[in-house]
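Asks: what shape does this take:
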Amino acid sequence: MRRRPTALAASAVTVLLLSACTGDADADPDATTAGTPPPSSAAATSDPADEEPVAGGVTEECLLGTWRLDLAAMQDDLRRVLGAAGEGAVEVTVDGTTTYEFADGGAFAADVDSNSAMTMSGDGVELTSESRSTGDLTGRWALTGDQLTISDVDSSGLDVTTSGTLDGEDLELPEGSAEDAIEALPPTASTATCSASTLTLVMSLQPDESSEPLTMAYTLRR
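Replies: The predicted structure is shown next:
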């Protein structure tokens, strides 16, 4: 049965909102292990001691400060997740920058200036979509064991715009939703692992009620 175009479009918009808060990368399209970010040039050249997780996997002291998203790892994991979700042939690219700041006392802030694009093909349908996200987000963070939560998110400073085509015809899409982007990234609930140079946040997501949950990893660098 041919998949309905509206369902394919909804999947594309969801993915673009997920990747809208990302930055510059030129990723290898090979799939990666679930929840495990691929190695990046930053990881390859860093001191091995800096990659060793702190005792317990994460501490507030390790979490504090400013972190930059590793977009090579992000792109690979987006492709892996979409492949596991059975979304057909998918190509995802992102560029720009995004940083997270975890401040003492529990304040959280993200600074976003990014573009993302995707081409999805399946069941005789080709859909392309582009998204642009700029601005900032604020919220509160809390760490319990290795479980990181980000709450009370204020997205009023984030602007998201999305456009797309279906088989070459322009799609009438709703305005980009900052709230939808917030639900995808930064993850509101994740399992954290921290070292001197790397912070990894692993979250679970479920494409639809009939699908098995998937994991996605967000790798950040100092």
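Asks: between the two ends of stretch 209-222, how far is it?
Replies: 37 Å (C-alpha to C-alpha, to the nearest Å).
Asks: show the average pLDDT along it.
Replies: Averaged across stretch 209-222, pLDDT comes to 83.
Asks: buried residues in that stretch?
Replies: Within stretch 209-222, the residues that count as buried by 16 or more other C-beta atoms under 10 Å are 214-220. C-beta coordinates here come from the backbone N, C-alpha and C atoms, glycine included.
Asks: quick one: low-confidence ranges for the chain?
Replies: Counting by pLDDT under 70, the chain shows low-confidence ranges at 1-50, 84-88, 174-185, 206-208, 211.
Asks: in it, where's the longest strand?
Replies: Longest strand of the chain, by residue count under DSSP state E: strand 125-144.
Asks: immediately after it, which helix or strand?
Replies: Downstream of strand 125-144, the next assigned helix or strand under DSSP states H and E is strand 147-154.
Asks: what's in contact with that following strand?
Replies: 58, 63, 108, 137-143, 182, 186-192, 201 (C-beta atoms under 8 Å, 6 or more residues apart in numbering).
Asks: tell me the buried residues in it?
Replies: Quick answer for strand 147-154 (16+ other C-beta under 10 Å): 148, 150, 153.
Asks: picking that back up, and which of the buried residues of stretch 209-222 is nearest Asp70?
Replies: Thr219 (4.2 Å; C-beta to C-beta).
Asks: name every strand pairing with the helix or strand where that closest one lies and say which way it goes.
Replies: Per DSSP H and E, Thr219 falls inside strand 214-221. Strand pairing for strand 214-221, using DSSP bridges, gives strand 65-69 (antiparallel), strand 198-205 (antiparallel).
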